[in-house]
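Novice: Could you work out the structure for the sequence below:
(chains A and B)
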Amino acid sequence: MKDRPVYTEYHPRWYRARVSTYWWTRQWKYVKFILRELSSLSVAYFVVLTLLQLRALGGGPISYGAFQEWLKTPLAIALNIISFFFVLFHATTWFNLAPSAMPLRVRGKRLPDWVIIGPNYIAWLATSAVVAWLILRG
Amino acid sequence: MAKRSNEPFLWSLFSSGGTVAAFLIPVLLFLYCLAFPLGWLEAPSYQRTRALVSHPLARLVLFVVCSLPLFHWAHRFRFTLYDGLQIKHLNEVIIVFCYGGAVVGTVLAGYLLWNLS
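Specialist: Numbering: from 1, shown residues only, chains lettered A, B, ... in the order given. Below is the predicted model of the structure:
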């Protein structure tokens, strides 16, 4: 049995409607979806800044000072303002989606969305306040 | 037997990274990237920042703040490239770029924070 039988596979052509690459520009809610997904770029940008900041911190007062000066340049300020809005957008959309990602049930009934969203926002405010206090206290 | 998918694991990293990012990044970005450079609030001195970061707990938090959000970015950006640009055929390149980037960032964060004791 040297020869393996050759099968002619019959595979029907899949029907796939062509979707334009720019499908998400057609409706505002799609644009918002893509912007929400792109907020991850600002998250990554912040981490890169943090890594650079930590490197500068390890390099001594002069390199740390130089990095602080760079943060004051118009380019850095512009990038950081844009990123700040995107990370806020990320945080709010994240908390608003929490009830859909993790629906909680009590005695078989699904809890209303605000019962999950509310505490998330309160915890967010509390965490932010504690972090700010730790950094800012004399 | 069906090959087990990595997606649940990657999704859990995406999800925990998104939560860490939502809770901690806005306040940190506001303080260090806007309020201090623009002079709205007085920035802590070099010595004080060094002292703050030398605390093991602070470094642990910073490590988590660097690592998990990078995996969040990797996962979300990967699917944004698939959905927004429809470039699923570049699957392998995208996966290496996204998760590889997150791994590199995590290692860098660990290295930098380890040396900051």
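Novice: what helix or strand is A:Lys29 on?
Specialist: helix A:28-58 (DSSP states H and E).
Novice: Tell me the buried residues in stretch A:52-67?
Specialist: A:Gln53, A:Leu54, A:Arg55, A:Ala56, A:Leu57, A:Gly58, A:Tyr64, A:Phe67 (16 or more other C-beta atoms under 10 Å in any protein chain shown). Placement of C-beta: from N, CA and C, glycine included.
Novice: Equivalent analysis for stretch B:9-18, please.
Specialist: Per 16+ other C-beta under 10 Å, stretch B:9-18 contains these buried residues: B:Leu10, B:Leu13, B:Phe14, B:Ser15, B:Gly17, B:Gly18.
Novice: and the first one, what does it touch?
Specialist: Read it as B:Leu10. B:Leu10 is in contact with B:Phe71, B:His75, B:Tyr99, counting by C-beta atoms under 8 Å, 6 or more residues apart in numbering or on different chains.
Novice: Which one of those residues sits in the busiest neighbourhood?
Specialist: B:Phe71 (25 neighbours; other C-beta atoms under 10 Å in any protein chain shown).
Novice: For that residue, which non-adjacent residue is closest in space?
Specialist: Distances taken as C-beta to C-beta, 6 or more residues apart in numbering or on different chains place B:Leu13 nearest to B:Phe71, at 3.9 Å, with adjacent residues excluded.
Novice: again, but for A:Phe33
Specialist: Nearest one to A:Phe33, counting by C-beta to C-beta, 6+ apart, is A:Trp24 at 6.7 Å.
Novice: For the one you found, which three-state class applies?
Specialist: helix (DSSP: H, G, I helix; E, B strand; the rest coil).
Novice: can you tell me which residues contact it?
Specialist: A:Tyr30, A:Val31, A:Phe33, A:Ile34, B:Asp83, B:Gly84.
Novice: mind redoing it with 7 Å?
Specialist: By C-beta atoms under 7 Å, 6 or more residues apart in numbering or on different chains, the contact set of A:Trp24 is A:Tyr30, A:Val31, A:Phe33, A:Ile34, B:Gly84.
Novice: my guess is the fourth one meets B:Gly84, correct?
Specialist: Yes: the pair formed by A:Ile34 and B:Gly84 meets the contact definition of C-beta atoms under 7 Å, at 5.4 Å.
Novice: From B:Pro8, how far out is the closest residue to A:Ser63 other than its chain neighbours?
Specialist: Ranked by C-beta to C-beta, 6+ apart and with sequence neighbours excluded, the top spatial neighbour of A:Ser63 is A:Ala56, at 4.7 Å. Distance, A:Ala56 to B:Pro8, by C-beta to C-beta, to the nearest Å: 38 Å.
Novice: shaky segments in chain A?
Specialist: A:1-3, A:7-8, A:138 (pLDDT under 70).
Novice: quick one: the helices in it?
Specialist: Assigned by DSSP state H, chain A shows helices spanning A:28-58, A:61-71, A:74-101, A:113-136.
Novice: for the residue nearest the centre of chain A, what are its contacts?
Specialist: Centre of chain A computed as the mean C-alpha position; nearest residue by C-alpha atoms, centre = their mean is A:Ser40, 3.4 Å away. A:Ser40 is in contact with B:His72, B:Trp73, B:Arg76, B:Phe77, counting by C-beta under 7 Å, 6+ apart.
Novice: With that, I have no additional questions.
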